[in-house]
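**Q** Output the structure for:
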Amino acid sequence: MKCKVCNAESGKYPLCKECNSKKEAGEIIKCGKCHKWHYISDPCEMEGAGKEIEGKFLYQLKSSLVTDTEMNYLKCIKGALPEGYLIQPQANLASFIVRTDGAKYQNELFRNVDFIITDLFYKPLILIEINDQTHLSHDRVNRDKKVTNICEEAGIPIIKLWTSYGVNPEYIKKRIEETIAALPVKRVHHFMKEKEIENSNLAKPAAIVNKSEKKGCYIATCIYGSYDCPQVWILRRFRDYILDKTWYGRAFIKCYYIASPMLVKWFGGQKWFKTFWKSKLDKMIDELKNKGIDDTYYNDTY
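**A** Have a look, this model is predicted:
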């Protein structure tokens, strides 16, 4: 048998002769916690494990509700808000939007937006999202589109600010003032049954239906995840200021608005579709920027 302390040969006893003498002298004990023999001066294995476990927790607090980047935007937004408005960070959709059909599961509402602006009675008015390049990934584009559709259906506008353009106080103030002036916004149906949508369109005069169909940049919005982002602003200006000025440009616009809604409906969720169009649109957008077409906010009435 090996000695339980020094691993020396100990015969039929748990301790060798030398360790047994130390036991008699009180230098070695059989610990009541770990039930092992060890020097009294050595820490118990259970005490060490207890301290290690005690120092670890499954949950802990974040240092702040906002990142450093979001904090810079938050300070700017606060300075741009008129009197009578409040802003708070990290608002969960479920805290200010409810489903009207009483669905048991509402997982789509368990998403956060960066900031929500309310009045002094905490009525939800405007949302603000701070978008970096991660929002161009396939998963984030789909997530952002879902959030946008939910908010448009509920009737609350979203201001999207892209970090690649930095914190621009004048631009941010202008966006906030324009959005406040446009309140309340018209709600947009995104989750009606297809038959109800068709019936709704049939009830509209043809001119109104066509105008509504013309306004969206279907493929670009699908690729970049928003109708209001720098890439789409460039393309909308190109459409209105260049294509619309020639007969062949107007013909292209007409064909585009006939074909693109169906293309997005059939293939918009496919990765290959987004990869194919993104490479072409990125190249086109770079060329348009080099020609001087602006990528700032564009509020068209096309």
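**Q** where along this structure do the strands fall?
**A** Counting by DSSP state E, the chain has strands at residues 28-30, 37-39, 85-92, 112-119, 124-131, 158-162.
**Q** Figure out which of these is closest to Asn72.
**A** Nearest to Asn72 among these is strand 124-131; the distance by CB to CB comes to 9.3 Å. Using the backbone N, CA and C atoms, a C-beta is placed for each residue, glycine as well.
**Q** which strands and helices sit next to that closest one?
**A** Contacts defined by 3 or more CB pairs under 8 Å, 6 or more residues apart in numbering; DSSP states H and E place strand 124-131 against helix 68-80, strand 85-92, strand 112-119, helix 138-154, strand 158-162, helix 169-181.
**Q** In TSV: those, plus distance to Asp240.
**A** Converted to TSV, the helices and strands packed on strand 124-131 look like this (distance: least, CB to CB, whole Å):
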stretch	distance to Asp240
helix 68-80	28
strand 85-92	32
strand 112-119	30
helix 138-154	22
strand 158-162	21
helix 169-181	18
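**Q** hang on, Ile150 packs against Phe96?
**A** No. When contacts are counted by CB atoms under 8 Å, Ile150 is not listed as touching Phe96 (11.0 Å).
**Q** which stretch in the strands of the chain is the model least sure about?
**A** Of all the strands of the chain, mean pLDDT reaches its minimum on strand 37-39 (a mean of 78).
**Q** just checking, what packs against it?
**A** Using 3+ CB pairs under 8 Å, 6+ apart, strand 37-39 sits against helix 17-24, strand 28-30.
**Q** Take those and lay them out in JSON lines including mean neighbour count and distance to Met71.
**A** Converted to JSON lines, those look like this (neighbours: other CB atoms under 10 Å; distance: least, CB to CB, whole Å):
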{"stretch": "helix 17-24", "mean neighbour count": "15", "distance to Met71": "61"}
{"stretch": "strand 28-30", "mean neighbour count": "17", "distance to Met71": "56"}
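**Q** what's the closest of the ones you listed to Tyr227?
**A** Nearest of these to Tyr227, taken as CB to CB: strand 28-30 at 74.8 Å.
**Q** Including distance to Asn20, could the strands of the chain go into a markdown table?
**A** Formatted as a markdown table, those follow (distance: least, CB to CB, whole Å):
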| stretch | distance to Asn20 |
| --- | --- |
| strand 28-30 | 8 |
| strand 37-39 | 10 |
| strand 85-92 | 64 |
| strand 112-119 | 65 |
| strand 124-131 | 70 |
| strand 158-162 | 76 |
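**Q** So which of those strands is nearest Leu61?
**A** If we rank the strands of the chain by CB to CB, the stretch that ends up nearest is strand 85-92, at 13.4 Å.
**Q** ok, and what's touching the closest one?
**A** If you take CB atoms under 8 Å, 6 or more residues apart in numbering as the criterion, strand 85-92 is touched by 65-66, 70, 74, 77-78, 81, 109-120, 122, 124-125, 127-128, 180.
**Q** May I see the buried residues of it?
**A** 85, 87, 89, 91 (16 or more other CB atoms under 10 Å).
**Q** Please spell out the segments of the stretch 101-250 of the chain that come in under the pLDDT threshold.
**A** The stretch 101-250 of the chain contains residues with pLDDT under 70 at 192-216.
**Q** Val147 - how many residues pack around it?
**A** The number of residues packed near Val147 is 20, by other CB atoms under 10 Å.
**Q** before we move on, back to that, any idea which of the helices and strands packed on strand 124-131 gets closest to Lys33?
**A** Per CB to CB, nearest to Lys33 of these: strand 85-92, 44.3 Å.
**Q** quick one: that closest one to chain centroid distance?
**A** 15 Å (CA atoms, centre = their mean, to the nearest Å).
**Q** partners of that strand in the sheet?
**A** With DSSP bridges as the test, strand 85-92 is paired with strand 112-119 (antiparallel).
**Q** what's in contact with the partner strand?
**A** In contact with strand 112-119 (CB under 8 Å, 6+ apart) are residues 66, 70, 73-74, 77, 81, 84-93, 96, 124-130, 147, 158, 176.
**Q** And for stretch 155-174?
**A** By CB under 8 Å, 6+ apart, the list of residues contacting stretch 155-174 from outside reads 69, 72-73, 76-77, 79-80, 96-97, 113, 124-133, 147-148, 151, 175-176, 179, 182-187, 226, 228-230, 296-297.
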